[in-house]
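got a sequence here, can you model it:
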Amino acid sequence: MKKLLLSCLLGLGVGAHAQLNYVGDFEEATNVGQYAQFGGGTIAAAAACSGTLGGQLAIGGTVTQTGWMVLNDVLEEEFGKINNGQEAAISFNYKKAAGVTGTLYAAVFTYVAASNAWNIEYVSTGTVLGSAAITTCTQKTGIIPAGKMQPGQSYGYGAWFVPSGSTTGNVFVDDLSIVQQSVTAVPACTTFTNPTSGAVLPSGTNTFTWPAVATAVNYIVTVGTTPGGNDVFGGVVAGTSQNVALAPNTTYYATVTPWNTVGEAVGCTGITFTTNNVVSYCGPLTSSAPTAVAPIKSMNFAGTTKTSDATATTIGAFPAYEDFTTTIFEVKDNVTSLPLTVLGTTNGNPVNGWAMSVFIDWNSDGDFDDAGESYFNTTATMIRKVNLPDNPISLTGNIAIPAGTSYGQKRMRVKYNFSGTAIHTSLVSACAQMGNGQAEDYTINYQQFLAVDDLNKSNVSVYPNPFTDVVKISDIKGVKSINIVDASGRTVKTLAPAAELNLGHLKSGMYFVNLQYADGSVKTVKSIKK
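Down below sits the predicted model:
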């Protein structure tokens, strides 16, 4: 049976307060709405650590992550209204068969109504399980920090297992428990670590940060051009950072006030700072699942492929953000749009969907917030693939260049993440923190077409077209390498400069012959293989 204890503690001069203490023990097997399973598994007697039933996790085939969780959205009267957002200890008992290896986590999940799916909100430190059988039920406990579960919202909590290699077999969990810290007083004050009072910041988007306060759930942040003002930013932040766009050569005032269900911190002081003309961009970005990140393997744009992680084969402990701004994509003004392809790692599960979004600061003002600077970042426009066992997966979209764009270098941010039918929140804006995906920054050098060198390159031809086996290049002067890219954006062959290329081994279809010049420019010619 399900167990819910609401401890009411009375103290002299202190009102009553509640402590959440809930155990899902699988004994009500018919109450299918109380539990959720993903990846593969059943409620079974063999999984019991107490009582007669427990949760079995079946590992094998395409199962690359699996778990059991207790849902508070269907227990809202009992669980959701008691949740105070404080630190919580999640624990469960587990055992496993011999040969099953991987990492076991205590986790919190959030429900996304638009896509009718659950996303991982937070995971504890994992426990690595070796191949030996565990026949005696062992307890796993993880601490969920304050603020990771917001009051009144729908969550699930429980066990999450990521197997390693091609492991198969069963893991068993039982007695999924949550105990939440009670709170009787308002939180203490905190202060900004960035910016500090008197600092001079670059203009553009800046990331404001502050230390967490033990019993705080949210933080009330204001940024304004007058003391105590919020004309630049004013809102409640769930976390310890906030991106704020700042104008150049301006004096600002900012405050951060911790909050919990008892009330706001008292007597917190603000800071003042100024900005200069230097432009910055929001970051660094972090991940809500840092040990289960799906990295970008490569990105192709303007006929050039940048390989960022050639060795990744599945999700794991990868950085949520990587800075490749030293990689420059040459773009000329004789084109109005260009294809961009992201090759992303997956966990191989055909049920999951993966999507990308792109952001380019075309007007060089230090943010990605202006018209025409966001691509594929809404549910209606996102580039997403699902029901494919592909690993890696290829996502291609067309990047339109806004009319009137000035020449010069532009910052480009590419984001890749798991997504349901409703776009994942990490893909909506350039500054949003990542889920279990990755973001990468690059540089675009937007220049005028038909400079002196371009005139010479414009006369270069690739023939015959279509071709059968051999492609000829009329002039290879200045070419340092040649890339052959298929229609999906994947580089299928890299060659040394030569006037004749034997491509008879390629399948029939459309290809792009990219001539990489020593000066960093690229000439791309579309060719058809018969």
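
okay, CA-based contacts and neighbour counts for the rest of this
OK.

so where is the stretch 301-450 of the chain shaky, pLDDT-wise?
349-351, 387, 450 (pLDDT under 70).

can you tell me the element residue 415 falls in?
When secondary structure is defined by DSSP states H and E, residue 415 falls within strand 408-418.

tell me which residues in that strand are buried?
In terms of neighbour count (16 or more other CA atoms under 10 Å), strand 408-418 has its buried residues at 409-418.

wait, which of these is closest to residue 435?
Nearest to residue 435, judged by CA to CA, of the buried residues of strand 408-418 is residue 417 at 6.7 Å.

now do the contacts for that closest one.
Counting by CA atoms under 8 Å, 6 or more residues apart in numbering, residue 417 makes contact with 294, 354-356, 424, 426-427, 434-438.

repeat that for 10 Å
By CA atoms under 10 Å, 6 or more residues apart in numbering, the contact list for residue 417 reads 293-296, 344-346, 353-357, 384, 423-427, 434-439.

residue 211 too?
Counting by CA under 10 Å, 6+ apart, residue 211 makes contact with 189-193, 239-241.

re the thing from before, now do the strand holding residue 415: distance to the chain's middle.
13 Å (CA atoms, centre = their mean, to the nearest Å).

listing partners with orientation, what would you give for it?
Using DSSP bridges, strand 408-418 pairs in its sheet with strand 354-360 (antiparallel), strand 438-447 (antiparallel).

CA atoms of it as PDB?
As requested, the backbone C-alpha atoms of strand 408-418 are provided in PDB (Å, rounded to 0.1, in the frame of the first residue of the first chain):
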ATOM      1  CA  GLY A 408      32.200  41.300 -40.400                       C
ATOM      2  CA  GLN A 409      32.400  38.400 -37.900                       C
ATOM      3  CA  LYS A 410      29.200  37.100 -36.300                       C
ATOM      4  CA  ARG A 411      28.700  34.800 -33.300                       C
ATOM      5  CA  MET A 412      26.700  31.600 -34.000                       C
ATOM      6  CA  ARG A 413      25.300  29.200 -31.300                       C
ATOM      7  CA  VAL A 414      24.100  25.700 -32.300                       C
ATOM      8  CA  LYS A 415      22.100  23.700 -29.700                       C
ATOM      9  CA  TYR A 416      21.200  20.000 -29.800                       C
ATOM     10  CA  ASN A 417      19.000  18.300 -27.200                       C
ATOM     11  CA  PHE A 418      16.400  15.600 -26.600                       C
END
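
the stretch 101-250 of the chain: strands as residue ranges?
Remark: strands of the stretch 101-250 of the chain, listed N- to C-terminal, are 102-112, 117-123, 127-129, 134-144, 155-163, 169-180, 200-209, 218-224, 233-237, 241-246; assignment by DSSP state E, counting those that start in this stretch.

which one of those lies closest to residue 83?
Sorting these by CA to CA, the top spot, which is the nearest, belongs to strand 169-180 at 7.8 Å.

report all helices and strands that that closest one contacts.
Where contact means 3 or more CA pairs under 10 Å, 6 or more residues apart in numbering; DSSP states H and E, strand 169-180 is packed against strand 3-11, strand 14-24, strand 41-44, strand 54-59, strand 66-71, strand 88-96, strand 134-144, strand 155-163.

output the strands paired with strand 408-418 as CSV; include the columns mean neighbour count.
CSV is the format used below for the strands paired with strand 408-418 (neighbours: other CA atoms under 10 Å):
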stretch, mean neighbour count
strand 354-360, 28
strand 438-447, 21
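
make TSV out of the ones you listed and add distance to residue 45.
As requested, the strands paired with strand 408-418 are arranged in TSV below (distance: least, CA to CA, whole Å):
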stretch	distance to residue 45
strand 354-360	36
strand 438-447	40
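
I'd guessed residue 208 sits against residue 242; true?
Yes. Assessed by CA atoms under 10 Å, residue 208 is found in contact with residue 242 at 5.1 Å.

so what sits against both of these two?
Jointly contacting residue 208 and residue 242 under the rule CA under 10 Å, 6+ apart are 221, 282-283.

any idea which of those is the one closest to residue 400?
The shortest gap between residue 400 and any of the shared contacts of residue 208 and residue 242 belongs to residue 282, at 23.0 Å (CA to CA).

doesn't residue 367 make contact with that closest one?
Yes. At 7.7 Å, residue 282 counts as touching residue 367 under the criterion of CA under 10 Å.

quick check: residue 342 is in a strand.
Yes. According to DSSP: H, G, I helix; E, B strand; the rest coil, residue 342 belongs to a strand.

who does it form a beta bridge with?
Listed beta-bridge partners, residue 342: residue 299, residue 395 (assigned using DSSP bridges).

what residues are up against it?
Contacts of residue 342 were listed using CA under 10 Å, 6+ apart, and they are 296-301, 305-306, 355-357, 392-397, 414-416, 488-490.

and for residue 136, the neighbour number?
By the measure other CA atoms under 10 Å, the count of residues near residue 136 is 11.

for residue 398, same thing?
When neighbours are defined as other CA under 10 Å, residue 398 has 13 of them.

ok, now which ones touch it?
301, 337-341, 375-376.

could you redo the last one with a cut-off of 8 Å?
Listed by CA under 8 Å, 6+ apart, the contact partners of residue 398 are 337-340.

cool, residue 506 as well?
Contacts for residue 506 were tallied using CA under 8 Å, 6+ apart; they are residue 529.

what about 6 Å?
The contact partners of residue 506, by CA atoms under 6 Å, 6 or more residues apart in numbering, come to none.

okay, residue 510: pLDDT?
For residue 510, the model assigns a pLDDT of 86.

wait, it touches residue 528, no?
Yes. If you go by CA atoms under 6 Å, residue 510 and residue 528 touch, sitting 4.6 Å apart.

list of residues touching stretch 237-257?
203-210, 218-225, 227, 265, 270-277.

which parts of the stretch 251-400 of the chain are strands?
Secondary structure of the stretch 251-400 of the chain by DSSP E, counting those that start in this stretch: the strands cover 251-260, 263-264, 271-280, 296-301, 304-307, 321-332, 337-344, 354-360, 374-375, 383-385, 393-400.

which residue ranges of the stretch 401-530 of the chain form strands?
Shown for the stretch 401-530 of the chain, the strands assigned by DSSP E, counting those that start in this stretch span residues 408-418, 438-447, 462-463, 470-473, 479-486, 491-495, 500-502, 509-517, 522-529.

partners of the fifth one, with directions?
When pairs are called by DSSP bridges, strand 479-486 turns out to pair with strand 491-495 (antiparallel), strand 509-517 (antiparallel).

now do the longest one and strand 522-529, the angle between them.
Pointing back at strand 509-517 there. An angle of 150 degrees separates the directions of strand 509-517 and strand 522-529 when computed by axes from the mean of the first three to the mean of the last three CA atoms, to 10 degrees.

who's in contact with strand 509-517?
With CA under 6 Å, 6+ apart as the contact definition, strand 509-517 has outside contacts at 303, 478-487, 522-529.

returning to that earlier point: most tightly packed of the strands of the stretch 251-400 of the chain?
strand 354-360 (a mean of 28; mean count of other CA atoms under 10 Å).

if we can go back for a sec, possible to save the strands of the stretch 401-530 of the chain as a markdown table with distance to residue 126?
Listed next are the strands of the stretch 401-530 of the chain as a markdown table, based on distance: least, CA to CA, whole Å:
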| stretch | distance to residue 126 |
| --- | --- |
| strand 408-418 | 21 |
| strand 438-447 | 21 |
| strand 462-463 | 54 |
| strand 470-473 | 53 |
| strand 479-486 | 40 |
| strand 491-495 | 37 |
| strand 500-502 | 51 |
| strand 509-517 | 45 |
| strand 522-529 | 46 |
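
which one of the strands of the stretch 101-250 of the chain has the lowest average pLDDT?
Per-stretch averages of pLDDT across the strands of the stretch 101-250 of the chain put strand 117-123 at the bottom, with a mean of 78.

so in that sheet, which strands flank that one, and in what orientation?
Strand 117-123 has the following sheet partners, assigned by DSSP bridges: strand 102-112 (antiparallel).

could you check the angle strand 155-163 makes with the partner strand?
Angle between the axes of strand 102-112 and strand 155-163 is 150 degrees (criterion: the same axes, to 10 degrees).
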